[in-house]
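Enquirer: build the 3D model from these lines:
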Amino acid sequence: MPDRSKDRRRAVDLLFEADQRRRAGDDVAIIDLLAQRMANASGLKPMRTYAAEIIEGVAEHLARIDELLESYSHAWTIDRMPAVDLAILRIGVWELLYSDEVPDAVAVEQAVNLAADLSTDDSPEFVNGLLGQLQRVAPALRDAGAPSGEPQ
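Expert: Next up, the predicted model:
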C-alpha cells in the first residue's frame, strides 16, 4: 500500500503555495500549479498519483469546500485561517466528502497529524474540531452534493 501520508504532505505543500501566491496577488490556479509540477519538478520530489488526485479533487470542489469550512468554522473566515491549516482542512474535507477510498475517521486523523507536524500548537485541536463537525454531517452533505443520476 502506498504511503498516503507523504502524498497528503505533498498536496499540502502545493495547496499552501497556491494560497500564498494568491494572497500575494498572483492569479495562479491550483490545477495550473499542479501541471507545472508534473511537467517539471525542478529538483522537488515527484508528485505521486494520490497527491495529484487530492489536488485535482480539491481544485474541482474548492468553492464548496471553502463554503463548508466557513459555515462550520464559527467566526473564522477562509482568509483569517493560517494557510497551512487551510490547506490541511481542504484536504480533510475533500477526503471526507469526495473520496470513497478513505474512511472518515482516517481522513480526520491524518489531517490532525499533519496539523501537529506542520502548524501551530493550537492547530490540531482546531482541525480536529472543524473536521469532526463535518464528519458528523458528512452523510447528509454527500447526499446533498450529488446531483441526481450521477455517482457520488
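
Enquirer: can you name the residues that contact S99?
Expert: S99 makes contact with G57, A107, according to Cβ atoms under 8 Å, 6 or more residues apart in numbering. Every residue, glycine included, has its C-beta placed from N, CA and C.

Enquirer: how about P103, phi and psi?
Expert: phi -60, psi 150 (degrees, to the nearest 10).

Enquirer: repeat that for D27.
Expert: Main-chain dihedrals, D27, degrees, to the nearest 10: phi -90, psi 50.

Enquirer: count of neighbours near it?
Expert: Using other Cβ atoms under 10 Å, D27 has 7 neighbouring residues.

Enquirer: where does pLDDT dip in this protein?
Expert: For the chain, applying pLDDT under 70 flags the ranges 1-2, 41-46, 145-152.

Enquirer: quick check: longest helix of it.
Expert: Taking DSSP state H as the criterion, the chain has its longest helix at helix 123-145.

Enquirer: and that helix, how far out from the chain's middle?
Expert: 12 Å (Cα atoms, centre = their mean, to the nearest Å).

Enquirer: okay, buried residues for that helix please.
Expert: Going by neighbour count (16 or more other Cβ atoms under 10 Å), the buried part of helix 123-145 is S123, P124, F126, V127, N128, L130, L131, L134, Q135, A138, L141.

Enquirer: which one of those is nearest I54?
Expert: L131 (14.9 Å; Cβ to Cβ).
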